[in-house]
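**Student:** Predicted model, plus sequence, below.
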Amino acid sequence: MKKERSSFTLVFGPTPIIKVIDFLLTFDSFDYSIAQISREISTKWESVESAIIFLLKKKIVKATRRVGKAQLYMLNKDSPITKLLSEIDFKISKLFIEKELAKQKKIAISA
């Protein structure tokens, strides 16, 4: 079964960094290990690790706590960049929803 892509990844592409940002924007109330993120976004552990390192440097992601040997990460909601990404994600989603509703309305009228 093909996994449906989010509007965020449809616009910015399914690169590991974008997929990690998209996942963390979607589930922003929790922290996750690299292994958990890797499983959820179907991306190699090494690619997720590289993306996390990049996003930590940009302060988009922050390390939260350790569970056993695993470091957990979450979206850094205090970052101005993260706030903009969240706003962009919301606006893109809204645009895609409005387009779909207009398409459905057009179909209903012509039926």
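**Tutor:** Received the coordinates, thanks. Numbering: from 1, shown residues only.

**Student:** only C-alpha atoms for contact and neighbour calcs from this point on.
**Tutor:** Noted.

**Student:** Report the mean confidence score over the lengthiest helix in the chain.
**Tutor:** If you go by DSSP state H, the chain has its longest helix at helix 80-110. Average pLDDT, helix 80-110: 90.

**Student:** From the contact counts, what lies against that helix?
**Tutor:** Under the contact criterion of 3 or more C-alpha pairs under 8 Å, 6 or more residues apart in numbering; DSSP states H and E, helix 80-110 touches helix 7-12.

**Student:** what does the helix it packs on rub up against?
**Tutor:** By C-alpha atoms under 8 Å, 6 or more residues apart in numbering, the residues outside helix 7-12 that reach it are Ile18, Lys19, Asp22, Asp89, Ile92, Ser93, Phe96.

**Student:** What of stretch 13-21?
**Tutor:** Phe8, Thr9, Phe12, Ile37, Ile41, Thr43, Ser47, Val48, Ala51, Ile52, Leu55.

**Student:** now, among these, which is nearest to Thr64?
**Tutor:** Checking the contacts of stretch 13-21 against Thr64 with C-alpha to C-alpha, the nearest one is Ile52 at 12.7 Å.

**Student:** Quick check: the closest one touching Ala63?
**Tutor:** No: using C-alpha atoms under 8 Å, Ile52 makes no contact with Ala63, being 9.5 Å away.
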